[in-house]
Structures are given as structure tokens and as C-alpha cells.
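J.: this is a predicted model, with the sequence first.
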Amino acid sequence: MHRGAELKRPVWDRIGGLVSGRFSWALALLVLVIGGALMGIAGQNSSAEQSPVALPPSAESAKVTALLTEFPGGDQAPVILVVTRHDGGTLSSADLAAAEAARSRMLAVTGIGGPPIPVIAATDGKAALTPVPVDSKLSGFALNDMVKSLRQAAADGLPADLVANVTGGPAFGADIANAFAGANVTLLAVTGAVVALLLIITYRSPVLWLVPLLVIAFADRVAAVLGSSIAQASGMTADGSTSGITSVLVFGAGTNYALLLISRYREELRRTSHHRQALATAVRFAGPAIVASNATVVLALLTLLFASSPSTRSLGVQAASGLVVAAVFVLLVLPPLLALFGPKLFWPFIPRPDAEEITTTGAWHRVADWVSRHAGRVAVVSIAALAVLTTGLLATPVGLNQIDQFRVSADSVTGYQTLSRHFPGGLTDPTRVIGSTDKADALSQAMQTAPGVVSVTPAGQTGNGLTQWQVVLDAAPASQSAFDSVAALRDSVKKADPGAMVGGSDAQALDAKDAAIHDRWVVIPAILIVVLAVLYILLRAALAPLVLVAATVLSTMAALGLGGWVSVHLLGFPALDNTTPLFAFLFLVALGVDYTIFLVTRAREETPQHGTRGGIVRAVSATGAVITSAGIVLAAVFTVLGVLPLIVLTQLGIIVGLGILLDTFVVRTVVIPALFTLIGPRIWWPAFAREEIEAAHDA
């Protein structure tokens, strides 16, 4: 046994004895009581009521939004009532009067007064619009309830031949919040069902699957309230999407940890009839791999704190907290339950001490042996195939606009599309410019001469020397032309007033896009540094971590290429969301290294006795089944994100699901064993001396 492993043994010997002893059930009960107390203290998790916040507070458009509250009516935000005929015909004077009446009913709901605003008819006469102010401080389910009431008020009493849609910024926010209403319950139900089915298939036992599933399900509920409480206490914004992703991670990673532990427990039961001793040995060997894997993913998630997007930062805190909870429950609650029930949990396939040795027999041993005998050809072909898949990135656009966020029908989207057909794009949602009142003439001239500007209208002043203008742009909303116009407008007004700022929906979309690009450039290198550091600490080898990370990154890029192509060209989504590449890269690298750690820690255990080739073959033989099961479970769990109605989560589920399958069946099974065999004993230097490995191989 290698000296480093011997130094670790006493700690894990004690932990293994603690969680497998006769009174270990008391430890499990204590952890469950503490978890229940935390849920009681933290209260109900309300993060699902909030919409994602992609815009950092430091963004120029966010500062404009904050300043707007200082202007008259700045505490209000308009929803827009759009009225058309069912048959698409021209609106009559009676129809316009009905639209005016609908607006009056909506104003009665909001309780906000103000000067009357006439209904505006389109130049083609086929649509009419009118703004209705709502409280700009409303958010989450409160905003959703308000918009729902406004839609009901608009529809009540409307002639049967008219159609009323409510759109605008608050309506989009309400529809996003509504998208998560009950969605997390559906997500948990589907995730639990998928995990249960796959555990039944894996263990072929009518009972065993219940134990890890119940442990992980309880851990998920503790993680949900604890993670959102930590995020909120840290001043971050928890929302429905981050809560959903956190649950998927807890279920997926927690199931992986349970599969690894139970797999090693079953292996040890084939060597001894003392089930508590077998469980203690399983914890001793699987525990370090679970802790190292968990630490890698948690540290990788915490790199999201370097991001500028509030929702992205919140996801890092929530998901990291959730995975720590998952590891604690798998290591401290699951083993005592396994010890309490004993080997009969595996019925009808109870492991016996006279069973075959899995490291030298079985399908995975034959696969690993064949790969190692043809390492050169296998490495070239598999790496070339992954490289080809990465080219899908070249044909995958990135950047969804506001109306393309929903996978299902939304009234705000329908209304917005109706507006786009009948009114100039910038008229219904003008860009906002705020600058110094004493430079108003210069600013007005600068705005009027900026490219893409149709009209400039003063929209009020404050007592502290600021003036607001509404600027109509001649470009489709959130299009590249709109982004170019906003950028040109910003350059133009800052020449007249360096303190002037440009906001509005198009500016917000541009700032969110720039924030996502910034986050990719900052967070992705941080993820790679974290993963490399953990692998160097774990393996203490110079070359192995570099090879493992390079293989994982290639697999990740292949998954992004394949998943992006499937999302855009096969499923017909307009583009990848701005945040999808970062989240997909994070989950694929961090979770891919999960399986790498499961594999290489076993290879490190076997190499001193069996050489580099023998060690990696035995490692694949021993972990092939559990890594395959874990990979299929995790891929299926991520695919479950598709039950949520936002395209970004569906895309994330597709890309991560495909990437995990590539990791499972190509990288861990083929690429890494082939590369380790080709490189030979040098892969482990200086952790093992080359002479030591060669002597083991010769023996």
C-alpha cells in the first residue's frame, strides 16, 4: 500500500467504524433531526416565487432603472393592453371604445390614477394599444397575481369578436414567475420517479432503491431551504431557476455518491460475510473519492461568485450548499441505514463471499482489456470523434431575446408579437436616456444625430438637475441592430455629457449579454484552476491531472457542439441562451471530474500492485458499472429540466445530459484508459516511482 494512502487510513477507518457500527443508527437519527430543525428554522423556501435576475446592479441600464424612480411616475411601470379582432380585421369605433373600457377596468384593479391616456390605433387600423401603470416594486408571485387580475379585468365585458393581450416588462416578469408556479413540484416528482426507476434497474431489488432515494430526497428538502437562506443572508437573489437547478444537482450528485458507496459495499460483501465490516471498508475506500468529488464540484460552483449576474452568483451559493448537504447525508445517514438492514436489502441478488472478483471478470473487464491492447488506435479515433463534435459550436448562435425565452405559450409574448406586427418596434418600448438638465440642448442634439434613432421626446425632470428622454429606435427589439443603435447612442450622448446614461429594454438586453460574456471569460478559467488544483492535491502526480482535465474539456466542448446543434437545428430553438454555455461548461467539467475521481482513485489504489496498464484495467472493471449507472442517472435527471417551461433550462438539460453520456461511455471508458496505457508509468510520477510500477507490472 502506498504511504500516502496509509496516512489517510486511520481517519477513514474511524469514520467507517462510526457509520457502520451497531449504534450508528443514532448518528443517522441525529443528522435527520438537525436537518428537520434547519427546515423549521429557515421556514418555507420562497425562492421559486422570484424571476431570474440576469442584469448586474453595476450595469448602466440597471442604474437608469434605479434613477427612473426619482422622476414623476417613476415608481410605476406600464403594462400594455393590446386589442385586435379575432378575424384580423380593422377595428371600428365601437371596438376602440371597448378597448378604452377595458383600460378603465384595469385601472380600477391597480388603483393608480393619473391623466387619461387615449387608446392609440395602429396606422393599419388593425390593432390598438394603451398603457396601464402598475407598481414597479411588485415582483414574483405578487406581480403574477396583479397581472393575472389585469388580464381578467381586460377580458371581462370585452366583445366576443375582440382579443385582448397584456404585455410589457411587468407582464413578461409575471409570466416568467408563473412559469415556475408549481413547476418545482413537478420537477421534484419527475426527478424522483426517474431516479427511482433507474435505481430499480441498477440494483434489481424491490427494496434497496428506496433507501438511497429517501435519503437524497430528504437531503434535497434540507438543501432547498438552507441554500436559499444562505443566498438571501448573503444579499443575493434566489429565484425559481436556481432552485430547480439546485434540486437537479442534489438528486444527481447525491445519487452518484450513493451508487459509488453501495457499489463498493456490494463488492466488499463478496469478500466477507460480516456486513458491517464490509460497509466500514466500503466507506473507507469510497469516502475519500466522494469527499474529493464533492469538494471539486462545490469549489467549482463557488467560482460563480466571480460572476456579475445576480442569478448566477446565487446559483453558486445555493448549489454549493446543496451538494455539501447531499454529501453529508450520503456519508452519515445512508451507511447507518445500510448497516441497520444488512445484506438482505440486496434481495433477491444478495452478494456472497464466493462470488466472482469483478476486477478481473465481466463485461467491463473485457472492454477495458481490449481498449488497453489497442490504446493507440482507440485514442486517435475517439479524440478525433470528439473534436468533430466540437465543430457544432461554429453553427450555433448564442443570445435569446425576451420573446424567445418561453418554450410554451405566454400572453406577454403573444401581445408583444402583435405589437411588432402593427406598431414601430421602439414606439411601445422606448429607450430611456438620463442626463444633466444643464446640458439638455447638447444631449438632445446628440441623440437626434445618433444612427438608428427615429424620435426623441423629453419625459420629465427631477429637482436635482436630471432630465429624462424617451428615444424610439428603428430596430427590432433585442436584435443586433438594436444593440448597435444602443451602443452608438451611448457613444453619442457621452460626448455631450460624460455622465449621461442609456437604459430601457434593449439596453438591458445588451448589458445582460455583455455580462454573460464577461462571466464566461472570468469563471471558466477559475473552474479549470479549481479542478486542476483538486486533482493535483488528490493524485500528487505531475502529468495525470493535466491529461484528465484536457480530456474533460474536450468532452465538454464536444457536448456543447452537439447539444447546441441539437437545440438550434433539430429542436428549432432560435439560439442558445447567453447563460447556457457557462452553466453547461461548469456542470460538465465539475461533474465529469466526479467520474474521473471515481475512476482514477481506484486506479491509484490498484497501480502499485498491478502496474499502470493493470491498474487502469482493474479500475475500469471495478467502476465501469457504477460509473455507467451514475452517468445514466445524472443524464436523465438533467434532462428532466425540460419539464420547466423556459428554453434556457431545456437547453441546459439537453447539453449536460448529452455531455454526461459522452463522459460516461467515451471519456471514462475509452479515452482515459487508452491515454494512461499509452503514457505508461510516467502518468503517475512522482506519486509512484516508475521502477515500482514496472516491477509490479513484471510481477
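T.: Great, that's in hand.

J.: show me where the stretch 451-600 of the chain dips below the pLDDT cut-off.
T.: For the stretch 451-600 of the chain, no stretch has pLDDT under 70.

J.: strands of that one, start to end?
T.: Ranges of strands in the stretch 451-600 of the chain, per DSSP state E, counting those that start in this stretch, are 453-461, 466-473, 501-503.

J.: of these, which is nearest Val163?
T.: strand 466-473 (25.6 Å; CB to CB). Every residue, glycine included, has its C-beta placed from N, CA and C.

J.: contacts for that closest one?
T.: 67-68, 70-71, 424-427, 430-437, 440, 443-444, 447, 452-461, 482, 485-486, 489, 504, 506 (CB atoms under 8 Å, 6 or more residues apart in numbering).

J.: can I have the buried ones of the residues you listed as a PyMOL selection?
T.: This is the PyMOL syntax for the buried subset of those, where burial follows 16 or more other CB atoms under 10 Å:
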select buried, resi 67+68+70+71+424+425+426+427+430+431+432+433+434+435+436+440+443+444+447+452+453+454+455+456+459+482+485+486+489+504+506
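
J.: circling back to that earlier point, to Phe665, which of the strands of the stretch 451-600 of the chain lies closest?
T.: Here strand 501-503 is closest among the strands of the stretch 451-600 of the chain (CB to CB), at 48.4 Å.

J.: give me the residues contacting that closest one.
T.: Contacts of strand 501-503 (CB under 8 Å, 6+ apart): 60-65, 67-68, 431-435, 486, 489-490, 493.

J.: strands - which of the residues you listed land there?
T.: Among those, the members falling in strands (DSSP state E) are 431-435.

J.: got a markdown table for these, with distance to Leu576 too?
T.: Putting the ones in strands among the contacts of strand 501-503 into a markdown table (distance: CB to CB, whole Å) gives the following:
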| residue | distance to Leu576 |
| --- | --- |
| Thr431 | 26 |
| Arg432 | 29 |
| Val433 | 31 |
| Ile434 | 33 |
| Gly435 | 36 |
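
J.: the longest helix that the chain contains: how far from the chain's middle?
T.: For the chain, the helix with the greatest residue count under DSSP state H is helix 580-639. Here the centre of helix 580-639 is set off from its chain's centre by 21 Å, with CA atoms, centre = their mean, to the nearest Å.

J.: and after it, which helix or strand comes next?
T.: Counting by DSSP states H and E, the element after helix 580-639 in chain order, helix or strand, is helix 647-662.

J.: quick check: next helix or strand after that following helix?
T.: Next along the chain from helix 647-662, counting by DSSP H and E, comes helix 672-679.

J.: which positions within that next one qualify as buried?
T.: 672-678.

J.: that helix vs helix 580-639, what angle?
T.: 120 degrees (axes from the mean of the first three to the mean of the last three CA atoms, to 10 degrees).

J.: by contact count, what packs against helix 672-679?
T.: helix 363-373, helix 375-390, helix 544-565, helix 580-639 (3 or more CB pairs under 8 Å, 6 or more residues apart in numbering; DSSP states H and E).

J.: and among those helices, the most buried is which?
T.: helix 580-639 (a mean of 25; mean count of other CB atoms under 10 Å).

J.: quick check: angle from that one to helix 647-662?
T.: Using the same axes, to 10 degrees: helix 580-639 against helix 647-662 is 70 degrees.

J.: contacts only, for the spatially closest residue to Lys439 that is not a sequence neighbour.
T.: Nearest residue to Lys439, sequence neighbours excluded (CB to CB, 6 or more residues apart in numbering): Asp497, at 4.4 Å. Counting by CB under 8 Å, 6+ apart, Asp497 touches 435-436, 439, 442-443.

J.: Val566 contacts Leu658, correct?
T.: Yes - using CB atoms under 8 Å, Val566 is in contact with Leu658, at 7.2 Å.

J.: these two - which one has more neighbours?
T.: Leu658 (23 against 17; other CB atoms under 10 Å).

J.: what's the spacing between the closest residue to the more buried one other than its chain neighbours and Leu586?
T.: Sequence neighbours aside, Gly563 is the residue nearest to Leu658 in space, at 4.9 Å (criterion: CB to CB, 6+ apart). Separation of Gly563 from Leu586 (CB to CB, to the nearest Å): 14 Å.

J.: next: Thr69.
T.: 35 Å.

J.: with Thr167 instead?
T.: Taking CB to CB, one finds Thr167 at 33 Å from Leu586.

J.: hmm, back to that, closest to Thr255 out of the strands of the stretch 451-600 of the chain?
T.: strand 501-503 (44.7 Å).

J.: starting at the chain centroid, how far to the closest one?
T.: The answer for strand 501-503 is 30 Å, by CA atoms, centre = their mean.

J.: show me where the stretch 51-200 of the chain has strands.
T.: Going by DSSP E, counting those that start in this stretch, the stretch 51-200 of the chain shows strands at 76-85, 120-121, 127-135, 162-167.

J.: turn those into a markdown table, including distance to Leu213, mean pLDDT and mean neighbour count.
T.: As requested, those are exported to a markdown table (distance: least, CB to CB, whole Å; pLDDT from 0 to 100; neighbours: other CB atoms under 10 Å):
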| stretch | distance to Leu213 | mean pLDDT | mean neighbour count |
| --- | --- | --- | --- |
| strand 76-85 | 44 | 88 | 23 |
| strand 120-121 | 57 | 87 | 18 |
| strand 127-135 | 44 | 88 | 22 |
| strand 162-167 | 42 | 92 | 23 |
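
J.: and the ones you listed as a markdown table, adding distance to Gly17?
T.: Listed next are those as a markdown table, based on distance: least, CB to CB, whole Å:
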| stretch | distance to Gly17 |
| --- | --- |
| strand 76-85 | 61 |
| strand 120-121 | 77 |
| strand 127-135 | 60 |
| strand 162-167 | 63 |
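
J.: any idea which of those strands gets closest to Ala410?
T.: Of the strands of the stretch 51-200 of the chain, nearest to Ala410 by CB to CB is strand 162-167, at 9.2 Å.

J.: check the offset of the closest one from the chain's centre.
T.: 33 Å.

J.: swap in stretch 161-169?
T.: With CA atoms, centre = their mean, you get 32 Å for stretch 161-169.

J.: quick one: contacts of it?
T.: Taking CB under 8 Å, 6+ apart as the rule, stretch 161-169 contacts 77-87, 95, 98-99, 102, 131-132, 147, 150-151, 154-155, 158, 411-416, 418-419, 428-429, 505.

J.: one more time with 6 Å
T.: Residues from elsewhere that reach stretch 161-169, judged by CB atoms under 6 Å, 6 or more residues apart in numbering: 77-86, 102, 150-151, 154-155, 158, 411-412, 414-416.

J.: residues contacting Ala98?
T.: Per CB under 6 Å, 6+ apart, neighbours of Ala98: Pro159.

J.: by mean pLDDT, point me to the weakest helix or strand of this protein.
T.: Lowest on mean pLDDT, DSSP states H and E among the helices and strands of the chain sits helix 690-698, with a mean of 54.

J.: Thr556 contacts Leu586, correct?
T.: No - with contact defined as CB atoms under 6 Å, Thr556 does not reach Leu586; the gap is 9.4 Å.

J.: dihedrals phi and psi, Pro645?
T.: The phi/psi pair for Pro645 (degrees, to the nearest 10) reads phi -90, psi 10.

J.: surely it is in contact with Arg407?
T.: Yes - using CB under 6 Å as the test, Pro645 is close enough to Arg407 to be in contact (5.2 Å).

J.: picking that back up, which of the helices and strands packed on helix 672-679 sits closest to Ser205?
T.: Nearest to Ser205, of the helices and strands packed on helix 672-679 and by CB to CB, is helix 580-639 at 13.3 Å.

J.: measure Gly415 to Leu150 for me?
T.: 12 Å.

J.: which one of those two is surrounded by more residues?
T.: More crowded of Gly415 and Leu150, by other CB under 10 Å: Gly415, with 29 against 25.

J.: can you tell me which residues contact the more buried one?
T.: 82, 165, 167.

J.: same check on Thr431?
T.: 471, 473, 504, 506.

J.: how does it look with 10 Å?
T.: 61, 64, 447, 452-453, 456, 469-473, 475, 482, 485-486, 489, 502-507 (CB atoms under 10 Å, 6 or more residues apart in numbering).
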